[in-house]
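> Could you work out the structure for the sequence below:
(one chain, ligands or ions: 1)
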Amino acid sequence: MSVADKYSQFGIRPSVSEFAEKICSALSERFEAIDENAECCQLKVIKAMQDNRASEACLLGTTGYGYNDLGRDTLEQVYASLFHTEDALVRPQITCGTHALALALFSNLRPGDELLSPVGKPYDTLEEVIGIRPSQGSLAEYGVTYSQVDLLPDGGFDYEGIRNSINERTKLVTIQRSKGYQTRPTLSVKRIGELISFIKGIKPEVTVMVDNCYGEFVEDIEPSDVGADMVVGSLIKNPGGGLAPIGGYIAGKKKCIENAAHRLTSPGLGKEVGASLGVLPAFYQGLFLAPTVTASALKSAIFAANIYEKLGFAVVPNSTESRHDIIQAVTFGTPEGVIGFCQGIQAAAPIDSFVVPEPWEMPGYDADVIMAAGAFVSGSSIELSADGPMKEPYAVYFQGGLTWPHGKLGIIMSLEYLVRSGVVKESQLVV
Ligand SMILES: *Cc1c(COP(=O)(O)O)cnc(C)c1O
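From the prediction side, this is the model:
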């Protein structure tokens, strides 16, 4: 089948699919490097499962209190092995990434402590957790203060500012690996390691937490390999491999995990309770698939960067730079650009392709947000999805793709929609 034939069945015009195919053919070397990294990560996952004797019995769930849940306890050891940490908490009772982060923070901070973010503003939903935007039950309400040091204009760490902001109350430092809804660069694990060394050089007893959302398996080392005391993430992102229907994880120092477990369940109960119900097969198999699923998402992101940079839009990361998470930001500068892109992604979905997304008010966000996702797991952002807040600079954040062919179709469809709405002119489609 010719390129044009393959894609014309989706209503994509030949000029769009042929342009996209030319861009794609130049990416084979990058894709090879991604496959190599996926291989390293896949082997790490298999080794962690073998070393912890993951067995058929581990796939059975428990109900009620969930005492002696072999599968749950073993999976937590698998995560601890994988992240090279003392312990881990991996639970369906952790409802999402924000919840996992809130859990790690609330359980490891006490009234009078200070939380420091040395990498600028944290992810939108954490503003309410911390109390940057006043919210019921925030850390601020419990007397935990917050200080923030922004990145320098060139994206570097403000070492002087960080030194000055560390004080006797600084208890926990939060470092967000991924850019989230910002256009700053994502931090490599190596840079996170440099920052942690600097901070621990000033105050060794401080607890460093890394918001690892979207970063897992993008590199062959994780922040816990470079000194982070806790790494925290969502199972409906990378480590769930598209199969986990819910869940979050915290991997880290024994004390940190104990604190988190006693907050998640109850003082006195900790990790001992928490039935896994029927989710364990999805948690295990999702983790097993996660390295190659993450690789598909990475390829899709790189493809998008190359397409939209070629067409003159600002893209972060750019078409050639190395990747440290699966998010691709494209700045369209106009609401029409953001809307057209998202509607195209939706139109390429296996589920709900006939739905037309519109900007809407969302809990946790301070502007209307448009979200495109035709997902098997509702809200899963390891599946092909795109979203953007309806505010300057009108950037869209694109992520996921359980398979590379689907990611590719989604990006080509987004371009088709942008051509239809006049945001991109057909005459621009030249390589
Ligand atoms: C997605 C994300 C979160 C929050 O996760 P949810 O599951 O959406 O609550 C936090 N931090 C970063 C960097 C994220 O990408």
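> Okay, buried residues for the top helix by length along the chain please.
Looking across the chain with DSSP state H, the single longest helix is helix 280-310. Across helix 280-310, burial judged by 16 or more other CB atoms under 10 Å covers 280, 282-310. For every residue, glycine as well, the C-beta is placed using N, CA and C.
> now do stretch 149-156
With burial defined by 16+ other CB under 10 Å, the residues of stretch 149-156 counted as buried are 149, 151.
> Begin at 4 from now on, thanks
With the count now opening at 4, the last piece we talked about shows up as stretch 152-159.
> How many neighbouring residues does L106 have?
Using other CB atoms under 10 Å, L106 is surrounded by 24 other residues.
> What separation do you get for it and the ligand?
Noted for L106: a distance of 11 Å to the ligand, by CB to the nearest ligand atom, to the nearest Å.
> what do you get for V209?
21 Å.
> how deep is that residue tucked in, by neighbour count?
When counting by other CB under 10 Å, one arrives at 16 neighbours for V209.
> Need the pLDDT of it.
You'll see V209 listed with a pLDDT of 98.
> show me the contacts for P353.
By CB atoms under 8 Å, 6 or more residues apart in numbering, P353 lies in contact with 377, 379, 409.
> do that again at 10 Å, thanks
With CB atoms under 10 Å, 6 or more residues apart in numbering as the criterion, the residues that contact P353 are 377-379, 386-387, 405, 409, 412.
> what's the farthest-apart pair in these?
Using CB to CB, the two most remote members of the contacts of P353 are F379 and L412, lying 16.0 Å apart.
> more neighbours, the two?
Neighbour count, other CB under 10 Å: between F379 and L412, L412 has more, with 26 against 13.
> Count the residues that sit near the nearest residue to the more buried one once chain neighbours are set aside.
Residue nearest to L412 in three dimensions, not counting chain neighbours: A351, with 4.8 Å by CB to CB, 6 or more residues apart in numbering. Neighbourhood size, A351 [other CB under 10 Å]: 24.
> Going by contacts, tell me the helices and strands next to the longest strand along the chain.
Assignment by DSSP state E gives strand 173-179 as the longest strand of the chain. Secondary-structure packing of strand 173-179 (3 or more CB pairs under 10 Å, 6 or more residues apart in numbering; DSSP states H and E): helix 100-111, strand 117-120, helix 127-133, strand 148-151, helix 192-205, strand 210-214, strand 233-237.
> Which one of those has the poorest average confidence?
helix 127-133 (a mean of 94).
> and that helix, does that touch the ligand?
Yes. Residues of helix 127-133 contacting the ligand under CB under 6 Å from any ligand atom: T128.
> and the angle for the longest strand of the chain with strand 233-237?
40 degrees (axes from the mean of the first three to the mean of the last three CA atoms, to 10 degrees).
> could you check the angle helix 100-111 makes with strand 173-179?
Relative orientation of strand 173-179 versus helix 100-111 (the same axes, to 10 degrees): 160 degrees.
> Just the CA atoms of strand 173-179, as CSV, please.
Extracted as CSV, the C-alpha positions of strand 173-179 are listed here (Å, rounded to 0.1, in the frame of the first residue of the first chain):
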residue,chain,number,x,y,z
THR,A,173,13.8,22.9,55.3
LYS,A,174,12.8,19.3,55.7
LEU,A,175,11.9,18.1,52.2
VAL,A,176,13.0,19.1,48.7
THR,A,177,10.7,18.4,45.8
ILE,A,178,12.2,18.1,42.3
GLN,A,179,9.9,17.7,39.3
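> and the angle from that strand to helix 192-205?
Using the same axes, to 10 degrees: strand 173-179 against helix 192-205 is 170 degrees.
> Sheet-wise, list the partners of strand 173-179 with their directions.
Strand 173-179 pairs in its sheet with strand 117-120 (parallel), strand 210-214 (parallel), by DSSP bridges.
> now it, how far from the centre of its chain.
Distance of strand 173-179 from the chain centroid (CA atoms, centre = their mean, to the nearest Å) equals 18 Å.
> Can you confirm whether it lies near the ligand?
Yes. Strand 173-179 lies within reach of the ligand by CB under 6 Å from any ligand atom, at Q179.
> same question for that strand, mean pLDDT?
For strand 173-179, the mean pLDDT works out to 98.
> so what's E117 closest to, chain neighbours aside?
E117's closest residue in space is R172 (CB to CB, 6+ apart), at 4.2 Å.
> mind checking how far A304 is from the ligand?
Where the ligand is concerned, A304 sits at a distance of 13 Å (CB to the nearest ligand atom).
> do the same with Y287
Applying CB to the nearest ligand atom, the value for Y287 to the ligand is 20 Å.
> For V93, which three-state class applies?
strand (DSSP: H, G, I helix; E, B strand; the rest coil).
> so what's it up against?
Neighbours of V93 in contact, by CB under 10 Å, 6+ apart: 75-76, 78-83, 103, 238, 242, 247, 250-254, 279, 283, 286, 290.
> got the residues of the stretch 54-203 of the chain near the ligand?
So the stretch 54-203 of the chain meets the ligand at 99-101, 104, 126, 128, 179, 181, 183 (CB under 6 Å from any ligand atom).
> From these, list just the buried residues.
99-101, 104, 126, 128, 179, 181, 183.
> Show me which of those is closest to the ligand.
G100 (2.3 Å; CB to the nearest ligand atom).
> which residues of the chain fall in helices?
Using DSSP H, helices in the chain cover 6-11, 17-28, 31-54, 73-86, 100-111, 127-133, 162-168, 192-205, 257-267, 283-313, 338-350, 407-423.
> Can you check which of the ones you listed gets nearest to L63?
The closest of the helices of the chain to L63 is helix 73-86. By CB to CB, the value is 6.2 Å.
> How many neighbouring residues does the closest residue to V427 other than its chain neighbours have?
In space, and not counting its chain neighbours, V427 is closest to L421: 4.4 Å by CB to CB, 6+ apart. Number of residues near L421 (other CB under 10 Å) recorded here: 24.
> how much space between L421 and A350?
Look at L421 and A350: by CB to CB, to the nearest Å, they are 12 Å apart.
> what's near enough to touch S191?
180, 197, 218, 221-222, 224, 229, 325-328.
> same thing with K124?
By CB under 10 Å, 6+ apart, the neighbours of K124 are 130, 135, 151, 153-154, 179, 183-185, 187.
> What is the lowest-pLDDT residue among those?
Note: of the contacts of K124, the lowest pLDDT belongs to Y184, at 67.
> weakest of the helices of the chain by average pLDDT?
What stands lowest among these, in mean pLDDT terms, is helix 6-11, with a mean of 87.
> Same question for it: list its buried residues.
Result for helix 6-11 [16+ other CB under 10 Å]: buried residues 6, 10.
> Tell me which other helices or strands that helix touches.
helix 17-28, helix 407-423.
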